[in-house]
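Novice: Fold the following.
(2 chains)
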Amino acid sequence: MRRITTGIIGASAAVAAVAALAGCGGADSAAGGGDITLKLTDTMSETSAPIYDKIYDACASEQGITVESNHVAGSGLIKTVLQQASSRTLPDVLMLDNPDVQQIAASGALSPLSDYGITGEGFPQGVVDAGTYDGELYGIAPIVNSIGLFYDADKLQAAGIQPPTTWDELADAAARLTTDDTYGIAFSATNSFEGTWQFLPFLWSNGASEDDLTSPEAVEALEFVNRLVQDGSASASVVNWSQNDVNDQFIAGKAAMMINGPWNMPSLEAAEGLNFASVPLPVPSAGDELVAPLGGETFTVPQTGDAERMAAAGEFVKCVTQGENQLTMATGRGAVPSDSEVAQQAAEENPLVASFVETVQSARARTALLGESWPEAATQIYTAEQLALTGSASPADALAQATAD
Amino acid sequence: MTTTATLEGRDVAARGDGRGGDHHGDRARRRARAREKAAQWLFLAPAIVYVLVFFGYPVVKNLTMGFQEYTTRTFYTGEAPWVGFANYAEVFRSSIFGTTVVNTVLFTVGSIVGQFVLGLLLALYFKRRFPLSNMMRSLLLLPWLLPVIAGTSVWKWMLDQDSGVLNQVLRGLHLVSDPVPWLTSPDVALLGVVIVNVWLGIPFNSALLYSGLQDIPDELYEAGALDGATGWKAFWHITWPNLRGVVNVVLVLGVIYTLKVLDIILGLTGGGPANATQTLATDSYRRSFTEFSFGTGAAVSNVLIVVSLVFAVVYLRVNRRAVDE
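Specialist: You can find the predicted model right below:
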């Protein structure tokens, strides 16, 4: 089914094929009528790839086609896609991280999913927005994620602290949980889109928006995060910590709480002696709605010029992203099924993701407001946060400076 | 080789019997010369094609991209409208440009000085023979063998403010009272990045300087010693003047390599905190591949190309002088 490149395996497969031909007279090729072989590119890691491949194969055989999947590293994908777009060698099915859908859809390289009857019905608005460019749905994410507050239950219990739900409680808990060798809280404020992503819940939940970053609400949000670092509840190193680094700090017991995503569950569960739990991120004051950013990879159908193959690809994407498969992917990767009903089912089965199921329902897509111009705003956001957290400028000045260009 | 030899032979023969100055010999000579020329070009052709395809094309492409509105759309449609100097205007006007230029200069000068001084000291040290000196000299090349990205992630741990080994050692030795924010303070981060780049550059410097030292004849030191030139005096009056050709080459190549350093900075700080380690190279990368503004990204890297070109010309002149000498 998949392309096998290793010589020895290739040879043995050839032998097997010959044997099959000799034995049962090519029953294989007759069964599918499968002239169509779809090429698929995704960004699954070594651990997730088998889960996805199984789903791909099931959908392909149901459709009577074959699929060749190619797993590449997420960081290098966009460069590859751009090269493929200019040489007209895009795969039939392409996985894109949701903020990147805008850029690629804008280039005209993707086909609208409505052509294949995919509408995103039953999915939260955020999920639909994340795959929408200029009013058309181009990418559909079977599973999504966001960020929440993880905490070391033992440490909180020892200090007699309830998991915080508001900013005041969060600041208070972080300060009280800080000891000589443990910070109260860890988060990522790195100068990359990861830093932006982690700051968004504070920005958005406070009513600020990425198209007006010098608003009082935005300044207030940055002032709050800044205070966590200035009063020593969070390490000054947060400006150079990726989300992976944050997770490492938490597992090593150097932070009592952390802001991070559900994809860390497998490593957290594997950590010995760590009694962790998670809640949705605290909001400015009790009763406010949490607005967190929505994450997740979407499936898209590039314009390859071959209508028959594109139709097959559309049908394939529809199958891959349907409810049952969502559940399998979500369980395997520590994520939330996109379909709200399936998500509820996942929450019941796995209490650990329950808090994220809740967060995702009201989560916002990063590109929903600014579309193609999102990267520019994202750069301004992390630049401002870095200026403030390193003490280079006050939060208000930092936001003014970062948006000046 | 053989072609040239036969051609030359025929040339001589033609000259030999062409005593009367007849046209026949003249024509043969001309034809032979033309053939020789053609053969020379044939030998040059692969190199020329290689340079044009792998160096000429990307540079020209990059230069033109600097004058175009080049976005993700361009990759699919091939349309890239000309915008004149708009990209350059945007780059020069942006507040980050001044920062990146200053950072690039500081990073380059700091790295070169550190690499060169330490590389030279190590080269001088290994000039004397002592037990295991060969083995230790080859161990010196280790940073070169390590994948840069692996090296930088280890350094990132070592330079960590709270639990990094460097701060532990410094505090253990009571050299500092508070942990140094190597990569997390805008005032120190550039130094942190320079330290790692110096570490990475030492093998290159010491290897070239060491081979330069090997070329200085021992007799010079023996003669110098008779005249009372030992230790420092020997270094200033014998080693340094004789090493100058190599020193020039090491420094100019070092500058060109350092100007375009990208992976080390991306691995350690990603250009942060607050753009404190953002150089022209990382800014060009950021503009192109995180903001998808390939036009302004190309504009920044063209600035870098011009600066490198200046040093490349210096290098060629220095090199020619060294060869002439």
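
Novice: Which positions within stretch B:216-230 qualify as buried?
Specialist: Buried residues in stretch B:216-230, counted by 16 or more other Cβ atoms under 10 Å in any protein chain shown: B:216, B:220, B:224, B:229. Yep, even glycine has a C-beta here, placed from its N, CA and C like the rest.

Novice: so who does residue 209 touch?
Specialist: Went with chain A since none was named. By Cβ atoms under 8 Å, 6 or more residues apart in numbering or on different chains, A:Ser209 lies in contact with A:203, A:215, A:218, A:369.

Novice: try chain B instead
Specialist: B:119-120, B:123, B:243, B:246-247, B:250.

Novice: Would you format the residues you listed as JSON lines with distance to A:Val342 and pLDDT included?
Specialist: Shown next, in JSON lines, are the contacts of B:Leu209 (distance: Cβ to Cβ, whole Å; pLDDT from 0 to 100):
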{"residue": "B:Gly119", "distance to A:Val342": "61", "pLDDT": "95"}
{"residue": "B:Leu120", "distance to A:Val342": "66", "pLDDT": "95"}
{"residue": "B:Ala123", "distance to A:Val342": "66", "pLDDT": "93"}
{"residue": "B:Leu243", "distance to A:Val342": "72", "pLDDT": "92"}
{"residue": "B:Val246", "distance to A:Val342": "69", "pLDDT": "91"}
{"residue": "B:Val247", "distance to A:Val342": "68", "pLDDT": "92"}
{"residue": "B:Val250", "distance to A:Val342": "63", "pLDDT": "92"}
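
Novice: so what are the domain limits for the chain?
Specialist: Since you didn't name a chain, this refers to chain A. A:7-23+A:31-145+A:296-361, A:148-293+A:370-402 (automatic domain parsing).

Novice: should've been chain B
Specialist: B:2-46, B:92-324.

Novice: Just give me the closest of the contacts of B:Leu209 to chain A.
Specialist: Nearest to chain A, judged by Cβ to the nearest Cβ, of those is B:Gly119 at 28.6 Å.

Novice: Just to check, that closest one is in contact with B:Gly201?
Specialist: Yes. Between B:Gly119 and B:Gly201 there is a contact at 7.4 Å, judged by Cβ atoms under 8 Å.

Novice: which residues of the stretch 101-250 of chain A fall in helices?
Specialist: A:125-130, A:153-158, A:167-177, A:193-205, A:216-230, A:243-251 (DSSP state H, counting those that start in this stretch).

Novice: And residue 270, what's its pLDDT?
Specialist: Defaulting to chain A. At A:Ala270, the pLDDT value in this model is 91.

Novice: let's do chain B instead
Specialist: 90.

Novice: Does it fall in a helix, a strand, or a coil region?
Specialist: Look at B:Gly270: counting by DSSP: H, G, I helix; E, B strand; the rest coil, its state is coil.

Novice: which residue packs closest to B:Ala234, ignoring adjacent ones?
Specialist: B:Gly224 (5.4 Å; Cβ to Cβ, 6 or more residues apart in numbering or on different chains).

Novice: Contacts only, for that neighbour.
Specialist: With Cβ under 8 Å, 6+ apart, B:Gly224 has these contacts: B:230, B:233-234, B:237-238.

Novice: Now the buried members of the residues you listed.
Specialist: The neighbour-count test (16+ other Cβ under 10 Å) marks B:234, B:238 as buried among these.

Novice: on that earlier part again, mind putting the contacts of A:Ser209 in a markdown table, neighbour count, pLDDT and distance to chain B included?
Specialist: Putting the contacts of A:Ser209 into a markdown table (neighbours: other Cβ atoms under 10 Å in any protein chain shown; pLDDT from 0 to 100; distance: Cβ to the nearest Cβ, whole Å) gives the following:
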| residue | neighbour count | pLDDT | distance to chain B |
| --- | --- | --- | --- |
| A:Leu203 | 24 | 97 | 18 |
| A:Ser215 | 16 | 97 | 21 |
| A:Ala218 | 26 | 97 | 18 |
| A:Leu369 | 14 | 93 | 17 |
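
Novice: coming back round to it: got JSON lines for the helices of the stretch 101-250 of chain A, with distance to B:Arg93 too?
Specialist: Below are the helices of the stretch 101-250 of chain A laid out as JSON lines (distance: least, Cβ to Cβ, whole Å):
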{"stretch": "helix A:125-130", "distance to B:Arg93": "33"}
{"stretch": "helix A:153-158", "distance to B:Arg93": "50"}
{"stretch": "helix A:167-177", "distance to B:Arg93": "38"}
{"stretch": "helix A:193-205", "distance to B:Arg93": "24"}
{"stretch": "helix A:216-230", "distance to B:Arg93": "24"}
{"stretch": "helix A:243-251", "distance to B:Arg93": "34"}
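
Novice: So which of the ones you listed is nearest B:Arg287?
Specialist: helix A:193-205 (14.1 Å; Cβ to Cβ).

Novice: now what about the closest one, what contacts it?
Specialist: Contacts of helix A:193-205 (Cβ under 8 Å, 6+ apart): A:99, A:147, A:187-189, A:209-210, A:217-218, A:221-222, A:224-225, A:239, A:242-243, A:259, A:281, A:283-284, A:288-293, A:295, A:364, A:366, A:375, A:378-379, A:381-382, A:385-386, B:290.

Novice: I'd like to know which of the residues you listed are buried.
Specialist: By 16+ other Cβ under 10 Å, the contacts of helix A:193-205 give A:99, A:147, A:187-189, A:210, A:217-218, A:221-222, A:224-225, A:239, A:243, A:259, A:281, A:283-284, A:290-293, A:295, A:364, A:366, A:375, A:378-379, A:381-382, A:385-386, B:290 as buried.

Novice: Residue of the stretch 51-200 of chain A nearest chain B, please.
Specialist: A:Asn191 (3.2 Å).

Novice: Who's the closest spatial neighbour of that residue, skipping the chain neighbours?
Specialist: Going by Cβ to Cβ, 6+ apart, A:Asn191 has B:Gly272 as its nearest residue, at 3.2 Å.

Novice: how near is the one you found to B:Thr108?
Specialist: 19 Å (Cβ to Cβ, to the nearest Å).

Novice: higher neighbour count, those two?
Specialist: The neighbour comparison of B:Gly272 against B:Thr108 (other Cβ atoms under 10 Å in any protein chain shown) goes to B:Gly272, with 27 against 23.

Novice: Phi first, then psi, for the more buried one.
Specialist: phi -90, psi -160 (degrees, to the nearest 10).

Novice: hmm, back to that, now render the domains of chain A as JSON lines, adding distance to B:Ser138.
Specialist: Formatted as JSON lines, the domains of chain A follow (distance: least, Cβ to Cβ, whole Å):
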{"stretch": "domain A:7-23+A:31-145+A:296-361", "distance to B:Ser138": "33"}
{"stretch": "domain A:148-293+A:370-402", "distance to B:Ser138": "34"}
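
Novice: what's the least confident stretch among those?
Specialist: domain A:7-23+A:31-145+A:296-361 (a mean of 87).

Novice: what's the burial count for residue 121?
Specialist: All of this refers to chain A. 7.

Novice: That was the other one, I meant chain B.
Specialist: A count of nearby residues for B:Leu121, using other Cβ under 10 Å, gives 14.
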